[in-house]
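Participant: Sequence and computational prediction follow.
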Amino acid sequence: MNIQDNYQKNKKNIFFSENNDVKSHREKLIDIFENDKFDKKNNESIKNINLKNFLDFKYRYLAPEETSLISNNNDNNYSIVSVNGQCSSFKDDKIEITKILEEDYNDFSENNTIEKNEHFVNLNSLFLNCGFKIVIKKNNNIKIKISNIVTDDDLTIFQKNNFICEEGSSLNLIEEYENKNNSTSNILNVIKLEKNSQLNHFLIQDNSPSHNLIVTSHSSCKKDSTYTQKVYNFSEGYVRNFHFSELIEINSEVDLQGIFFLKDNNTSNNKTFVKHLAENCKSNQVYKGILNDRSKATYFSNTHVDQVAQKTEGYQLSKGILLSDNASFFSKPELKIYADDVKCSHGSTIGPIDENAIFYLRSRGMSKIAATKILISSFINEELNSISDDQMAEIIQKKLVRYLSKVK
Amino acid sequence: MFLEIKDLSVKIENKNILKSLNLNINKGEVHAIMGPNGSGKSTLANVLAGKEDYEILNGKINFKDNDLFDLNIEERAQEGMFLAFQYPVEIPGVNITPFLHSAINSKRKRMNEDEIDNLSFAKLLKSRASDLGINIDMLKRSVNTGFSGGEKKRYEILQMSILNPDLAILDETDSGLDIDALKIVTDGVNKLKTKNNSFLIITHYQKLLDYIKPDYVHVMVNGSIVKSGGSEIAAEIEKDGFQKFQ
Amino acid sequence: MNSETLNTLDTYSKNKYKYGFVTEIDNDKPQKGLNEDTIKFISLKKNEPEWMLEWRLKAFSKWKKMKDPKWSNLSFPKIDYQDIYYYSAPKGFDKKPKDLSEVDPKLIETYNKLGIPLEEQKVLAGVAVDVVFDSVSVATTYKGELEKLGIIFCSIGEAIQKHADLIKKYLGSVIPPGDHSFSALNSAVFTDGSFVYIPEGVKCPMELSTYFRINAENTGQFERTLIIADKGSYVSYLEGCTAPKRDDNQLHAANVELIALEDAEIKYSTVQNWYPGDEDGKGGIYNFVTKRGLCAGKNSKISWTQVETGSAITWKYPSCILKGDNSIGEFYSVAITNNFQQADTGTKMTHIGKNTKSKIISKGISLGKSQNTYRGEVSFLRKAEKARNYTQCDSLLVGNQCGAHTVPYIESKNNTAVIEHEASTSKINEDQLYYCRQRGLSHEEAVSLIVNGFCKQVLQELPMEFAVEAQKLVSISLEGSVG
């Protein structure tokens, strides 16, 4: 079924389909789909995936029977279970949680950081059927853990979440995606950091092979704010992490990091994109991947420095380790620089585990497999050590051990 | 007057570094400025050389009958001012020999002297290098690139001896040098000393002044010169530190 | 158009050729526009055998179905292929400047700085001269010497006549006409270029250069160069010259194919300095070049070195296909853009064989309002065991109106291969400038010195004489934008 028919047929179940502005925007999106030849040569964001599966899908959404739980363990600690992308409303003097609103529908496209042919974002906008908005109020320092649960098979979740950190606030956000059913989640997180706010965002992804996860985020940072994102992808199913960030006011910083562990036939597509639109900002983009068996990965990173963004510091690094003959990794670390007073660099390596190191460890009596495992761990040591939350460190460690147990 | 600094106040990024500083240097004199870290010694050296990061709030500097502020960095250099840097910067890919050759010729041009040709220059460079115990192989390398701390300092002095300045400013030339290297460097300086040139030596320690005898020693604290005198001051500082001047 | 129609057309045109359509076209007045007649005219003018014409027509029919590639970071108006002359010799004198006073004075100034003799200046500037200055004798001397070694060095036109076997075997074997629209276009209409064949085991004793020929023929627009280094041979080839060259033809689309057989080595150096347009970005050459080398045999090596300072638009990716085991590909590049120039240049290293190695050193310098992009692809295919790549691309920005972009594509499908890539972008180091000026160098001299230092890794790969000229050229390219 084509996109147009699919939408028309299901629009009763889709958010905001009565709103005229939304309607006209969606008509444009449908046009984009109908006119795009989906040429992988000219749209690298669809490299390595079978787009057909995602475009020609059976729409199905179930509103959760039970409302989700929000618990406030102690003063600054919140725990949220989002069921099929929905979350009940909540309000106290520190945070406010509501459903996603009409006014939030298209609030990320101002600077064109997300391109017009980002089909997954367009699908999300078209078929939007769930999502919530969390506002952290001024000068509060809190921690939120969100478990994203999908209840049934064959669901198509199109979820949009807004996270707004008001002036001077600080948020530690942990999101878990651990689903075993045969569904597809397409999630768009729009993140706004007001002056002098901070967000440390962790995404732990560990789905079964049948579950597809598409996460896109768009963050924007105002003066003196810092956004840090760390993605840990242990999923056995397809995962797409595309994260866009805009530094819109001076002295802001963004750090986008990710590690992924792939095996079997799995594919993962990754992208980070930082747009420097103001002076004196810093950015960091670091992704590391381990690829085993017949797995495939792509990683696009991009630092865009606008003409006004003098005194920019931008850094990129991508590292891939191929454990098997049949794994492949494609990376494209891009710099687009229109200001002169900048320090930007990128590094990229792809290769096997260092033979010399293996030899060294074996000469100390270690088996080849043990040596390999140790070296994989050390490859991501920095990322693991930087997890300050003990509970989370433990969770990640366990998942790593599970992955390593399959390495032969 | 050869160099006359009058009432000089300088700031950088909203911080006042030099405050109403006065200093006079005559031809043939060796002056030393001593002071604790952060007293503004290196700022003074850079302001004299013309580095553009500073804002001159007040004061005048006269050098060889020129208003120094009318001259840009290279014009000052061509007029005979030389700064031996505390941290000489590496310039990869730029070979020492042609670098120095164009430097000397730009000076000669300004002085209306004939340019020195390749061959004579190579000869000059070789002989000066061997005077300073610099290996000829080093002259094939890029400016300061991959040099050790001591090599960099030695190479600064080599440049000084080639460019033969009227006023040489040595900014913490002794830092990072062991005693042997210090000897070679200071020997080099002493050889260059004549009745017609002057030296301004900036140092933190008195050690250097054991090898280069200054005619005047100034103590600089907090952006101004608080005491001037002969080499006895250096001994005083050696004994008691800068404490009592602050 | 279906294949049947094409066949019909083909037959029709062949017949037309057979029965001499020439009468329809005025011999000395080339026609604008691109169609089968144009191609037949070119082929006839060159007195080509029929198989060559067929080859061209096949390429043309491919071209008709193609669109210009879109991946680059360039912006320019759509090229009107029907508004171009495809056979430009003999050129009418009416369009040319009559003497040097009609030429952009900046150009003349540059010639003088490079110390180019007046007569030569005229030729380079495209001034109508009756007598081309004579370097023919020089060329013939060299030719004799080369012939003794069995080396063939002639125009591609001559090679088509005299060495049909080699042309048939190798032309289009590295760059298939259907590769992309510019290669199809070139294949259809190329008018001249060089042909080099180095026999087995021969080390060519001198640098071969297009410079020997350039005076006699009006090359440049759609050049086609083919270099074959047979087993165990070596050749170093120089293209272009440091002097800025004017040309009436705005569109240039050269193709260069290199083939290195077992143990052979080809070193190809280019200094490209086509007219970049004036300070307001008016005029200037569009340079869409396809250069590709095939390391066909074991232990072969192909090395590209380029200094790109000219052209309004440069679109160029000298590449290596590393097919033979242990083969080596290298790419050294300096690209300087100033005023309104745009460059999108880089390389493509495709590792197919075992133990293949590649090295990429790219230095981009952007000034004025220019845009300078490095675009490079390194890929390791499944069989490329123990392959290695090292890439370093650095960009330097002078001024805040220009752009420097780095777009590497890196792919590995082999788990024993290692790719290492580093890149950096920054403005010129203020401390270095200060240091140089403290030693008495002017700001402009200091910039030129530092930039030359920045490019040294590349410039030192050029043959000696060329390197000195190239250094001067780098300095001249920086002028006017500093201060």
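Facilitator: Okay, I see it.
Participant: Tell me where the model's unsure across the chain.
Facilitator: Because you didn't say which chain, this covers chain A. Within chain A, the stretches with pLDDT under 70 are A:41-42, A:67-68, A:73.
Participant: Not quite, go with chain C.
Facilitator: Using pLDDT under 70, chain C drops low at C:1-31, C:87-100, C:102-104, C:106-108, C:110-142, C:210-220, C:241-249, C:480-483.
Participant: Helix or strand: which one has the residue nearest the centre of it?
Facilitator: With distances taken as CA atoms, centre = their mean, the residue of chain C nearest its centroid is C:V289 (5.2 Å). Using DSSP states H and E, C:V289 sits within strand C:286-295.
Participant: same for that strand, what does it pack against?
Facilitator: For strand C:286-295, the elements it packs on are helix C:181-189, strand C:251-252, strand C:255-260, strand C:265-272, strand C:301-308, strand C:313-316, strand C:319-322, strand C:328-337, judged by 3 or more CB pairs under 8 Å, 6 or more residues apart in numbering or on different chains; DSSP states H and E. For glycine as for every other residue, the C-beta is placed from the backbone atoms N, C-alpha and C.
Participant: So which bits of it are buried?
Facilitator: Within strand C:286-295, the residues that count as buried by 16 or more other CB atoms under 10 Å in any protein chain shown are C:286-295.
Participant: For those, which two are the farthest from each other?
Facilitator: Within the buried residues of strand C:286-295, C:Y286 and C:C295 form the most distant pair, 30.0 Å apart (CB to CB).
Participant: residues contacting A:P352?
Facilitator: Residues in contact with A:P352 (CB atoms under 8 Å, 6 or more residues apart in numbering or on different chains) are A:321-323, C:415-418.
Participant: Equivalent analysis for B:G149, please.
Facilitator: By CB under 8 Å, 6+ apart, the contact set of B:G149 is B:176-177.
Participant: Let's verify A:L29: helix, strand, or coil?
Facilitator: Secondary structure for A:L29, judged by DSSP: H, G, I helix; E, B strand; the rest coil, is helix.
Participant: quick one, the strand holding C:V289 and strand C:301-308 angle?
Facilitator: 160 degrees (axes from the mean of the first three to the mean of the last three CA atoms, to 10 degrees).
Participant: Now find how far off-centre strand C:286-295 is within its chain.
Facilitator: Centre-to-centre, strand C:286-295 and its host chain are 6 Å apart (CA atoms, centre = their mean, to the nearest Å).
Participant: Within its sheet, name the partner strands of it and how each one runs.
Facilitator: Strand pairing for strand C:286-295, determined by DSSP bridges: strand C:251-252 (parallel), strand C:255-260 (parallel), strand C:313-316 (parallel), strand C:319-322 (parallel).
Participant: how about those strands, which one is nearest B:I233?
Facilitator: That would be strand C:313-316 among the strands paired with strand C:286-295, by CB to CB, at 64.0 Å.
Participant: Now do the contacts for A:A309.
Facilitator: Contacts for A:A309 (CB under 8 Å, 6+ apart) come out as A:247, A:276-279, A:281, A:339, A:342.
Participant: Now do the same contact list for the closest residue to it other than its chain neighbours.
Facilitator: Using CB to CB, 6 or more residues apart in numbering or on different chains and skipping residues adjacent in sequence, the residue nearest A:A309 is A:H276, 3.8 Å away. Shown in contact with A:H276 (CB under 8 Å, 6+ apart): A:247, A:283, A:303-306, A:309, A:312, A:314, A:339.
Participant: quick one on the thing from earlier: out of the helices and strands packed on strand C:286-295, nearest to A:S377?
Facilitator: Among the helices and strands packed on strand C:286-295, strand C:319-322 sits nearest to A:S377 (CB to CB), with 34.1 Å.
Participant: what comes up buried for that closest one?
Facilitator: Residues of strand C:319-322 classed as buried: C:319-322 (neighbour count, 16+ other CB under 10 Å).
Participant: what separates the residue nearest to the centre of chain C from chain A, distance-wise?
Facilitator: The gap separating C:V289 from chain A is 21 Å, by CB to the nearest CB, to the nearest Å.
Participant: what's the neighbour count on the residue nearest to that residue when sequence neighbours are not counted?
Facilitator: Nearest residue to C:V289, sequence neighbours excluded (CB to CB, 6+ apart): C:K316, at 4.3 Å. Residues lying near C:K316 (other CB atoms under 10 Å in any protein chain shown) number 26.
Participant: Surely C:K316 and C:E308 touch.
Facilitator: Yes. With contacts counted by CB atoms under 8 Å, C:K316 reaches C:E308, the gap being 7.1 Å.
Participant: what residues are shared contacts of these two?
Facilitator: Contacts common to C:K316 and C:E308, judged by CB under 8 Å, 6+ apart, are C:272, C:345.
Participant: so how far is stretch C:150-165 from its chain's centroid?
Facilitator: Mean-position distance between stretch C:150-165 and its chain equals 20 Å (CA atoms, centre = their mean).
Participant: Need the distance between the two termini of that stretch.
Facilitator: Start and end residues of stretch C:150-165 are separated by 16 Å (CA to CA, to the nearest Å).
Participant: For it, list every residue counted as buried.
Facilitator: By 16+ other CB under 10 Å, the buried positions in stretch C:150-165 come out as C:151-157, C:159-160, C:163.
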